[in-house]
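K.L.:
Everything below, folded, please.
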Amino acid sequence: MEEKSSRHKKARATNPPASAQEAVPVAEAASLLTDDLIVEILSHLPARSVHRFKCVSPSWRALITDPANRKKLPQALAGFLYSTFHRRDPHFHEFHFANISNSPSPPVDPLLPFLPSDKYLYVNQLDTCNGLLLCRVHMAPSSPSGDENTPVESHYIVCNPATGRWVDLPPHPEAPPDSFVFARLAFDPAVSSHFRVLQFENSDLKKYVTGVNIYSSQTGAWNHRESRLFEKITLFAGLSGVFFHGMLHLLGWLHHPLYMDENFVLVAVDVEGQVWKTTRLPSRGLGFGRIGLSQGCLHYASKVLPTVDNNKKKKKKKEEDTSLAAEIAAVWCMKDYDSKEWILKHSVTIAELWSITSAEFDVAAIHPDRGSIFLYSYDDDTLASYDMQHRLHRILHLEENNTAIFLPYVPLFSDSFAGADGQ
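P.N.:
Purely as a prediction, here's the structure:
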């Protein structure tokens, strides 16, 4: 009997479980894949998945980080370009990079050294979109002039900081004397190598957007389109746009006396300036936030301001402590773009943030691949990355006197950049 039991134990020891038997052919099949096939498969995955696959094995990590493969693989968010006020002249800015990647050296030089310094006197960084950077450059004078009031010639350029290539845009149309303009970039390398620059006109007198000038790298020309918005809306010039579903999305302010507590709207414009749409943003007080594209869906993150009772001038200490439980940041997601319905995804309270940072934060940006938001503190010049699901955080120290405008940067190592003439 003991001999029979011993034979059964030996049989169980020599025969692996069914799951292990099934894993053997899979492992053998995977070993037959060449590096080129692996890279081709990874090129169709989100950047977040590619980043995680670095942990599969040393060979996979070497394959993914190989500079020769970077042109084919999607890249993760590397950090933010931001500016500080110039130390000698407040009319100009100095530019920096907040590095959130694991690389010890920044993946981009914010000084853009590939641009000719003898040609461009000053470069103002305006917007980023899928690896490209929109700048407004001020030209160096061809001859010295003693008149300080002499206007300096300027125009737009679009460049790729990862490859050092750029294109000069022709002079943009002059804006009406009673308006101010700001420009945003629209580019999707998965759809086309061509890009658009949309220069919006906001009227100083009428206080709302009146039209847009659109540059196409395909035609090499500017076209003007009148606004087709039915409501009076002012676009916020100090915020980045989101290019999604072939439309540029911007935050705006609706001038309507009946909606004073719900006057923030999302404005979408197609790249031809023919279609203009507005969507109400979720309102929970007079909070104001940022829009972003995260995990394939449009997101809106806002800071919720506490409701103030003007009839109560004094509050008890207990009530003040209770107010710390109010939400300071809430993140909504538009899972179905066609429905325009916002769904509350995450929120964080004042008390929770204060327990970690002991500082007041405003929403700065939304991570494109993770369930994280970035919060900026005016008190100590820091940028905090906050994972709203796992409650993890990371804090970056910034340069002093920054403008609190952060341009997300995802490297684009591909040369598929139509019209680039830089070397």
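
K.L.:
tell me the domain boundaries of this structure?
P.N.:
35-74, 285-390 (automatic domain parsing).

K.L.:
Compute the mean per-residue pLDDT across the shortest one, please.
P.N.:
Yep, that's domain 35-74 we're talking about. In this model, domain 35-74 has an average pLDDT of 71.

K.L.:
Same check on stretch 105-114?
P.N.:
Average pLDDT, stretch 105-114: 88.

K.L.:
give me the beta-bridge partners of residue 242?
P.N.:
Beta-bridge partners recorded for residue 242 (DSSP bridges): residue 249.

K.L.:
doesn't residue 38 fall inside a strand?
P.N.:
No: counting by DSSP: H, G, I helix; E, B strand; the rest coil, residue 38 is not part of a strand but helix.

K.L.:
Leaving out chain neighbours, which residue sits closest to it?
P.N.:
residue 63 (6.3 Å; Cβ to Cβ, 6 or more residues apart in numbering). For every residue, glycine as well, the C-beta is placed using N, CA and C.

K.L.:
Which other helices and strands does the host helix or strand of that neighbour contact?
P.N.:
Residue 63 is located in helix 58-65, with elements delineated by DSSP states H and E. If you count contacts as 3 or more Cβ pairs under 8 Å, 6 or more residues apart in numbering; DSSP states H and E, helix 58-65 packs onto helix 35-42.

K.L.:
Now the element after the lowest-mean-pLDDT helix or strand in the chain, going C-ward?
P.N.:
Using mean pLDDT, DSSP states H and E, helix 317-323 stands out as the lowest-scoring helix or strand of the chain, at a mean of 43. Per DSSP H and E, the first helix or strand lying C-terminal to helix 317-323 is strand 327-334.

K.L.:
who does that next one pair up with?
P.N.:
When DSSP bridges is applied, strand 327-334 pairs with strand 297-303 (antiparallel), strand 343-349 (antiparallel).

K.L.:
Name the surrounding residues that touch the first one.
P.N.:
In other words, strand 297-303. With contact meaning Cβ atoms under 8 Å, 6 or more residues apart in numbering, strand 297-303 is reached by 242, 244, 249, 266, 281-282, 284, 287-293, 328-335, 337, 342, 345, 362-363, 366, 373.

K.L.:
Please spell out the PyMOL selection for the buried subset of these.
P.N.:
Buried subset of the contacts of strand 297-303, written as a PyMOL selection, criterion 16 or more other Cβ atoms under 10 Å:
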select buried, resi 242+244+249+266+281+282+284+287+288+289+290+291+292+293+328+329+330+331+332+333+334+342+345+362+363+366+373
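
K.L.:
pretty sure residue 137 contacts residue 153?
P.N.:
No: at 9.4 Å, residue 137 does not count as touching residue 153 under the criterion of Cβ atoms under 8 Å.

K.L.:
which of those two has more neighbours?
P.N.:
Using other Cβ atoms under 10 Å as the criterion, residue 137 and residue 153 rank with residue 137 on top: 22 against 13.

K.L.:
who does the residue lying closest to residue 132 once chain neighbours are set aside bridge with?
P.N.:
Excluding the flanking residues, the one nearest residue 132 by Cβ to Cβ, 6+ apart is residue 187, at 5.1 Å. Residue 187 forms beta bridges with residue 195, as assigned by DSSP bridges.

K.L.:
Residue 187: what's it in contact with?
P.N.:
129-132, 195-196, 243.

K.L.:
Then residue 395?
P.N.:
Residues counted as contacts of residue 395 (Cβ under 8 Å, 6+ apart) are 357, 382-385.

K.L.:
ok, and the most crowded of those?
P.N.:
residue 383 (24 neighbours).

K.L.:
If that residue is in a bridge, with which residues?
P.N.:
Beta bridges link residue 383 to residue 376, residue 396, judged by DSSP bridges.
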